[in-house]
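Enquirer: kindly generate the corresponding structure for this input.
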Amino acid sequence: MWPYMIHFRLRTLAYLFIIFFLIYYYWHYILQIDNIIGIHQLRQQYYSKNQLSLINFKHLLIACVLAAKQGGYEVRKARESTTKNDNSKLGIHLKGKTREGIDDILTNGDKRSNIVMVNSLLYTIPGIKIVSEENLPANDDADTDDMLIELLNVEKFLKNPEYSTIPDDIDLNIDDLTIWIDPLDATKEYSENLTKFVTTMVCVARNNEPIIGVIHFPFENDYDQSTYWATKFGIDKRLLSEKFSHFNDDGHHQDSNRSNSNDNIRIIISRSHKGDVEKWILAKQQQQKEENPTRTNLTFIEAAGSGYKTIELLKGHADIYLHKTYIKKWDICAPNVLIKYGHRRRGLSDSVGGTMTTLKGEKIDYSFQSDVFIKDGIFATLNPDLVNKWRDKNVFI
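Expert: Next up is the predicted model:
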């Protein structure tokens with residue numbers, strides 16, 4: 001009889017070995033922290049049975065702010081691990097070239113920020129759809145062993161006066177929502193230690209409309225200037241401060257000389273292709289010279305990062321944010337929200353907000369299945385007169 005018992009035990013051991021091997025493979029190769037694509041897809045599938053059907057709007061906003069700050073912490077930590085003249089610890093990799101021929105690079109700061117931002121939101125909001133800039137390959141060599149992904153402590157901030165402008169009773173269908181994440185905006189400048197341009201950004205779109213935008217400056221030591229947010233249902237009180245009070249309630253600049261004549265328009269553009277944009281705009285002006293010999297003076301301001309340019313626009317340091325070439329939606333989703341709602345005064349209609357469209361004047365679709373590329377450039381302003389001029393002639397004269 002015992003030979004049968006031996007056969008049974010050997011078979012049992014074989015089964016146990018197979019089970020152990022599958023568990024080891026699953027844990028080591030699928031759940032590894034570096035494989036952000038695997039984690040993203042797995043967790044969405046895993047959570048789909050228990051995913052939320054509704055999410056409170058204030059909870060969602062706070063989660064986005066906390067995620068942006070956590071990503072910013074990782075960005076700053078990675079940057080400060082290097083010396084001023086030695087970027088070896090940044091882990092710079094070349095992803096390719098931009099359409100302008102500029103190196104498109106990836107750093108450990110991008111990777112660490114992406115991991116913590118994406119996964120903390122997936123943990124906190126089961127079933128949420130996320131589109132992020134960095135899809136990291138398996139076995140990536142980023143140093144992430146010390147990273148701990150946790151639930152975002154939203155409840156701690158629900159009574160914080162910072163969020164008192166947001167109603168408590170708005171619930172959204174989670175199936176309608178998509179989160180767009182830029183884990184590190186202005187990576188090139190980050191690698192050059194030009195950290196004032198660097199931001200982390202989170203945006204939420206309901207169907208195709210952006211309704212929450214968060215821009216965080218990881219290297220800004222002043223808490224009141226480090227994070228800005230705006231939503232369809234209320235805005236950050238800091239956007240109502242004197243630093244952002246350069247506009248009347250009708251959207252016009254408070255400087256009467258500027259708002260009446262628009263005689264000097266300041267256009268903020270990317271520092272990586274300044275000359276191309278200047279030539280393009282000035283050529284358009286020249287074409288209209290016969291109709292209107294008195295040309296508007298144009299000042300071009302070089303800057304980096306969509307988040308930085310957006311805040312400069314809101315502070316009144318520029319009149320137009322212009323981008324001529326391809327751009328990705330995670331770069332401009334949060335800026336779109338802040339431009340649309342960020343300088344709107346309480347109680348006023350949506351029409352008072354700023355405008356962000358393609359250069360053709362088309363609204364931007366931020367739905368989950370939409371193309372991540374915007375191929376027709378970006379035009380953004382807070383001044384309705386400039387919107388009308390652009391729509392009429394695509395030029396400022």
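Enquirer: can you pull the poorly scored residue ranges out of this protein?
Expert: Within the chain, the stretches with pLDDT under 70 are 1-9, 24-50, 83-86, 99-101, 134-146, 245-263, 273-275, 288-295, 344-352, 391-397.
Enquirer: what about the helices in it?
Expert: 2-25, 36-47, 57-80, 108-124, 187-191, 256-261, 274-287, 306-314, 329-341, 384-393 (DSSP state H).
Enquirer: could I get the ones you listed in a markdown table, plus columns for mean neighbour count and distance to residue 369?
Expert: For glycine as for every other residue, the C-beta is placed from the backbone atoms N, C-alpha and C. Formatted as a markdown table, the helices of the chain follow (neighbours: other Cβ atoms under 10 Å; distance: least, Cβ to Cβ, whole Å):
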| stretch | mean neighbour count | distance to residue 369 |
| --- | --- | --- |
| helix 2-25 | 10 | 32 |
| helix 36-47 | 16 | 15 |
| helix 57-80 | 24 | 21 |
| helix 108-124 | 25 | 18 |
| helix 187-191 | 22 | 26 |
| helix 256-261 | 12 | 41 |
| helix 274-287 | 14 | 31 |
| helix 306-314 | 25 | 22 |
| helix 329-341 | 27 | 12 |
| helix 384-393 | 15 | 28 |
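Enquirer: as TSV, these with distance to residue 362 would be great.
Expert: Putting the helices of the chain into TSV (distance: least, Cβ to Cβ, whole Å) gives the following:
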stretch	distance to residue 362
helix 2-25	47
helix 36-47	30
helix 57-80	26
helix 108-124	29
helix 187-191	27
helix 256-261	27
helix 274-287	19
helix 306-314	18
helix 329-341	13
helix 384-393	11
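Enquirer: closest one to residue 230 among those?
Expert: helix 329-341 (4.3 Å; Cβ to Cβ).
Enquirer: what about residue 132, how many residues nearby?
Expert: 22 (other Cβ atoms under 10 Å).
Enquirer: my guess is it contacts residue 116. True?
Expert: No - counting by Cβ atoms under 8 Å, residue 132 sits too far from residue 116 to count as a contact (11.4 Å).
Enquirer: which among the helices of the chain is found nearest to residue 164?
Expert: With Cβ to Cβ as the yardstick, what comes closest out of those is helix 57-80 (9.9 Å).
Enquirer: next, the angle from that closest one to helix 108-124.
Expert: 160 degrees (axes from the mean of the first three to the mean of the last three Cα atoms, to 10 degrees).
Enquirer: which other helices and strands does helix 57-80 contact?
Expert: helix 108-124, strand 171-173, strand 177-185, strand 199-206, strand 209-216, strand 227-231 (3 or more Cβ pairs under 8 Å, 6 or more residues apart in numbering; DSSP states H and E).
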